[in-house]
Structures are given as structure tokens and as C-alpha cells.
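In: predicted model follows, preceded by the sequence.
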Amino acid sequence: MKILGLRRDVACGLAMVLALCAPRLVAQTRDAKPVPQQPRVPLTPPVVIPPRDRPPEARVGTGSIAGRVIDGTTGRPLARARVRLTSGGQPARGPVLTDADGEFVFTGVAVGSYRLAAERNGYLPQPFPETRSMRTQGQSLTIAQGQTRDDVEIAMYRGASISGRVMDAYGEAMDGASVMVQSATRGGRGFGGQSQTNDLGEFRVSRLPGGRYVLSVRALTGFQNDPGDQVVPMSLPTYHPGTLSRDQAQVISIARGQAISGLELTMIEGVPTVVNGLVVVSNGGAIGGGNVMARKLREFGAPDANSSIRPDGSFRILLPPGEFILEARAWPGSINQSLPPNLRTENQLFGTTRISVTGAGQGSAAILVGGGATASGRVVFEGNAAPPKSPGRAGVPVYGSDGQWCQAGQATIGDDWTFKAEGLIGTCGAMPRAMFGAWTLKAVMFRGRNLMDEPFTFEPGQHYGDVQIVVTDKRNEILLRVSDDAGQVTREFVAIAFSTDKSKWTQFQRYIHTFATTAPAPPAANRPNSPPVGPAGLPRMTGLPAGEYYIIAVDDIAYDDATDPVILEKLALIASRIVVNDEGPVEANLQRQALADVVR
């Protein structure tokens, strides 16, 4: 007999157990306290994202883009490369992988302009169309309704590399030395890469784009904070092939994907200078702590050395030969020392000074710190239009003209265009840019000096009065009439205008201006960001200060080359000369040159 599918003996056993346990279970149930009811948690309604905040959906069309990815050096196809399609900076399609033949395809592409980007292990990311030169910056792929583009070829390159060995003055391998590669152009602002030597003194800096570089080496030990009284000879920061000055460093030119090996560098040994300094508060108050950083003048990157500021305001810092900017950041003695530095920033005091270190021995420096300088004066309008309405608050037109630290501050501008600026700190200079609509900055005059043409250091706690910020609605214009090899007027060129005064070649965007058209130049109706056009439909270059300039038109040029003094020297040999002023536009009739023929 089965009960509920169980054998009879098993069912009877269960029945007996239930019969024996039933009284106990009933008693427990009778004596148990009621379980309190838990409050019901209301369900969270689903979050509804407004349509304006939703990511754009990929548009579907009838076009397609196909092509292949190859190794730019060998020409062989690259499989497993990831290719992305974007439009207006937004993803247009999910990434696809290339097949064994390096081929890829995007289907269902809607009408519009697109860019591609390829990524692959062992290679540098590569956009298409390429953007290495000034004329290719604005290029894109334009797809019409039902159009198929199957001719796309993306050439990828492995990163260039520089490898070699570093030794000390005695021929022993430098272990743990820091090797840095920086751009030889743009004042060294372009960072290439860095590495560290191994126990054999060997290094390799990889993943470098093609370009022109300088290489420097810094020993791991030596420039410690707050050096003691005993200073011993040590390896000084050295530039390849063996100099203490960046200006005397040898420029290393390297092509895309190229590997330069076997470079040998011997570090220079010397006794550095101990600089004993004092940080003084402009209002006579006490120092509560802080630090001093030393940076090589006109060089960029990490500080060359740093030191803490003692409670009495003194500091000691160890420096190699060279020109340095000492930057002090301190806080008053009234600040609670238990607070972390990031909570003391509102009350920080700042100051800078310039120091020249010539060699071994002792040096001294004093840095005046304070809460920032103030300046007052008037905005002066030169031009034909009526002055605009005062903005009330605006940025003072200053910036770090020599790359050193600068705090620009804010200005309060009255209805009569008088102003007062506060919080001005560091070595600064004026920057030419649009200020109030059509008005552009022409000059910043102080005691007969135009601060746009030279650095100016604001001393903490000082007031600078009677400053005139001169703005104008007039335009210094150069109309560009460029002819190709056949003598026909062309819109496919890069024009470069640079001062005949070589000392101003470091002031890019002020005394060096460029004008570039895209390649190939699309119809004007399809160029929402097309360059400005002057009378007779000629392209125009604007914004150069009055003066004499070289001017030349070339077929194309890389960004770095347009500001490289070595390249500018060669361009100046065949460039035309032109005088720019605000009396009216001047026309430049130029024959387009092949850059490769000029700089070879």
C-alpha cells in the first residue's frame, strides 16, 4: 500500500513521528510571540532619462565604408586591428575587427561626415584621415545616400624608439637613472617619453611618434631635499651627447616606426651649488611651512629640485649650473599645522624669483611671498564702433609668457571701463585674443612698456596703477593670393607668417601665424568652419601685431615644423617680406612651394 506515493512502512513511520511531535509543536505555537510586521518598502519607480540626455542613437542608412589596415613600414595586412567609426566626436558604429587580410567593413552608414580610428597591440593608434599636418587636420569621410567607399587604407606604425646605455664619469653603468625624451620644438613643451636605466645602464624609450627630440638623463640620487653641510661630487643632469645645457644638446631626428639603438651617453660629474634661501612674507608675518621648487628656465616637466621651508622661513636646495626659477608656496604661521596642505590652499602665499647658478660653492636667494599683487587702470577702445557694455567681471589678459607658473587673477570692471585686478602672481605677459565681442587685445601698457612684448613679474603685495589695456576693432589683415606650379590661383596651401626678428620666434600665436586649408578643399557650402575670406574672395590672415614679417606658402607642413627655428631659418631664405599695420589689409602674392624641396 502506498500513501501519497510513499511505501506503506515509510508512510507509517512518518505518521508516528508526527503524532509524537504534534503536542510539542502545538505548545510552541501557542506560546510563541507574534512576529512584528516589517514595514513595506515602496518600490522605486524606474528612472526615466529625458530624451535630451540620452546618448544619440546610431543612425542607419544605405552607405558603407570598407577598407583595410596595413603595417605602414612593411605594407603587410594587419589582422585583429580594432577599427572605430565616429561622427562629430560620437561613436557612429561599434568597433569591428579586421580579418586575416586586414579588411573591415561598416554597413548601414547614414549620410554624413565620419572619421575612422584603428588600434592594435604593438602599434600607435592611427586616425583616418590622418591629422599629422596642418592641411589634414579637418579632413573627414563624407558619405552620400547609398554611397560605398571601399578604398580606405589605414597605415599603422609601431612606435619609434631610442635605446642605448648611460655611464658615469668613471665608465661605470648608471643604475636607475631617469632618461627623458622631449620635443626639440615648441620650447620643449612636447613630452615624448621616459624610461629608467637597468643595472647595466641600458635604457629604451619606446612608443614615440616620429619627430625631432632631445634626450636628457638625471641620476636617481644626489638632488635630495635640504642637503647637509657636506656636498660631494655627483652626476649632474646631462643632455645628449654630453652637455649641461639644453641649447647645446644634439637633436635626434627619428622617423615613424624607426628604432635608433646604440646611443652612448656619459654623465657629467661636478659639485653642485648649495643655495641657502629665505622666504619672507610681504606683510611681515610669520611662515607656517611650505616648499620651494626649482625649475630650469624655459624648460618644462618635473621640478629639478625642491626643498621644504623651515619654520624660520629658511630653506636649502641643491642645484646644478643653469638659470632657474624658484617658486615658493607657503602658508602663514597662523594656519593650523595639523591641517593637510590641500586644506590650506585658500590661505597660501606665493612668490617667485630668478637665480643663476654658475658652479660649485654656496649661493643665496630671497623669495618674497604674499597673497598676490593688484593692478588698476582703464580699458581703452581704439576703433570706429562704440564701446560695448562692461561685463563687470572678466579675466585680466595675462598668461605665463615664458612657460613659468603664473596666476592671472580676475578684474572688476566699472561702467566707465576702469578696472581693478586682484590675485596677480608670478611671471606673466599679455596674450592676444578676442576680449569683448569684435574687440581684440592690442596692448597692455604700464610705465611706457607694452607687457605683451616681454615677461613681467608681479611682486606679492604690490599695487600696479595706471595700467592701460588697449583693445581695437581694427584688423591687421594679410590677403593671401597663392598660385600653384601652373600659375593658377589655388586654395590648397599652408601660409606661414613669422617675424623678421628671430628673438620673437618663441612667441607662437603672436609673432608666428599660420593659415591652412583642408586637403582636398571641399566646396565652400560644406565648410561650416572654413577660414575667413577677405575682399575678392581671398583667404585672409589676421591678428598679427604691426611689424615686418616673412611670409611663405607651402604645400603642407606639420604642426611642430611650423614653429621649429631650424625650419623657419630655411623658410626665411626664400620667403617674401611684408609690412603689417592697422591702416588696411595688405595683399601677399605668393608662389606655393614644396616643403620637401625647401628643407632638404
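Out: Received, thanks. Numbers count the residues shown, from 1 in each chain.

In: if we go by neighbour counts, what in stretch 99-112 is buried?
Out: G102, F104, V105, F106, V109, G112 (16 or more other Cβ atoms under 10 Å). C-beta: built from backbone N, CA, C; applies to glycine.

In: list the contacts for T107?
Out: S64 (Cβ atoms under 8 Å, 6 or more residues apart in numbering).

In: which strand residues bridge it?
Out: For T107, the beta-bridge partners are S64 (DSSP bridges).

In: pull the CA atoms of the helix or strand encompassing Y550 into PDB?
Out: Per DSSP states H and E: Y550 is located in strand 547-554. C-alpha atoms of strand 547-554 as PDB (Å, rounded to 0.1, in the frame of the first residue of the first chain):
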ATOM      1  CA  GLY A 547      55.700  95.000 -37.900                       C
ATOM      2  CA  GLU A 548      57.700  93.300 -40.600                       C
ATOM      3  CA  TYR A 549      57.300  89.600 -41.400                       C
ATOM      4  CA  TYR A 550      58.500  86.800 -43.600                       C
ATOM      5  CA  ILE A 551      55.600  85.100 -45.400                       C
ATOM      6  CA  ILE A 552      55.600  81.900 -47.500                       C
ATOM      7  CA  ALA A 553      53.100  79.400 -48.800                       C
ATOM      8  CA  VAL A 554      53.900  75.700 -48.800                       C
END
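
In: what comes into contact with it?
Out: For strand 547-554, the external contacting residues (Cβ under 8 Å, 6+ apart) are 478, 480, 482, 493-501, 511, 568, 571-572, 574-580, 588, 590-595, 598.

In: and the residues you listed, which are buried?
Out: The buried subset of the contacts of strand 547-554 - by 16+ other Cβ under 10 Å - is 478, 480, 482, 493-499, 511, 568, 571, 575, 578, 580, 588, 590, 592-593, 595, 598.

In: sitting in helices, which of these do you find?
Out: Among those, the members found in helices (DSSP state H) are L568, L571, L595, V598.

In: I'd say S235 and E269 touch.
Out: Yes: using Cβ atoms under 8 Å, S235 makes contact with E269 at a distance of 5.7 Å.

In: ok, those two, which is more surrounded?
Out: Comparing S235 with E269 by other Cβ atoms under 10 Å, the one with more neighbours is S235, at 23 against 14.

In: tell me how far stretch 153-166 lies from the chain's centre.
Out: 22 Å (Cα atoms, centre = their mean, to the nearest Å).

In: so which of the contacts of strand 547-554 sit within strands?
Out: Filtering the contacts of strand 547-554 for membership in strands, criterion DSSP state E, returns 478, 480, 482, 494-499, 576-580, 588, 590-591.

In: most widely separated two among the ones in helices among the buried ones among the contacts of strand 547-554?
Out: Farthest-apart pair in those is L568 and L595; separation 12.2 Å (Cβ to Cβ).

In: burial measure for the spatially closest residue to D561 that is not a sequence neighbour, as a count.
Out: Nearest in space to D561, with sequence neighbours left out and distances taken as Cβ to Cβ, 6 or more residues apart in numbering, is I567 at 4.7 Å. By other Cβ under 10 Å, 20 other residues sit near I567.

In: what pLDDT does I567 get?
Out: Note on I567: pLDDT of 91.

In: also the one 4 residues further on?
Out: At L571 the predicted local confidence, pLDDT, stands at 96.

In: thought it was touching V598?
Out: Yes: with contact defined as Cβ under 8 Å, L571 counts as touching V598 (6.2 Å).

In: the helices in the chain, which residues?
Out: Ranges of helices in the chain, per DSSP H, are 8-31, 565-574, 595-599.

In: going along the chain, name the strands of the stretch 401-550 of the chain.
Out: Taking DSSP state E, counting those that start in this stretch to define them, one finds strands in the stretch 401-550 of the chain at 406-407, 410-413, 418-428, 434-436, 439-446, 449-450, 456-458, 463-472, 477-483, 494-499, 512-516, 540-542, 547-554.

In: pairing partners for the fifth one, with directions?
Out: In other words, strand 439-446. In its sheet, and by DSSP bridges, strand 439-446 pairs with strand 434-436 (antiparallel), strand 449-450 (antiparallel), strand 463-472 (antiparallel).

In: let me have those in TSV, adding mean pLDDT and distance to T273 as columns.
Out: Converted to TSV, the strands paired with strand 439-446 look like this (pLDDT from 0 to 100; distance: least, Cβ to Cβ, whole Å):
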stretch	mean pLDDT	distance to T273
strand 434-436	64	44
strand 449-450	85	33
strand 463-472	90	33
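
In: ok, which of those strands comes nearest G414?
Out: That would be strand 463-472 among the strands paired with strand 439-446, by Cβ to Cβ, at 13.2 Å.

In: hmm, who's touching the closest one?
Out: Contacts for strand 463-472 (Cβ under 8 Å, 6+ apart): 373-383, 396-397, 419, 424, 435-436, 439-447, 458, 582.

In: what do you get for stretch 73-86?
Out: 65, 68-71, 91-93, 95-104, 106, 109, 114-121, 123, 154, 156-158, 256-257.

In: can you do 7 Å?
Out: With contact meaning Cβ atoms under 7 Å, 6 or more residues apart in numbering, stretch 73-86 is reached by 65, 68-71, 91-93, 95-102, 104, 106, 114-120, 156-157, 257.

In: next, count neighbours for T506.
Out: T506 has 17 nearby residues by other Cβ under 10 Å.
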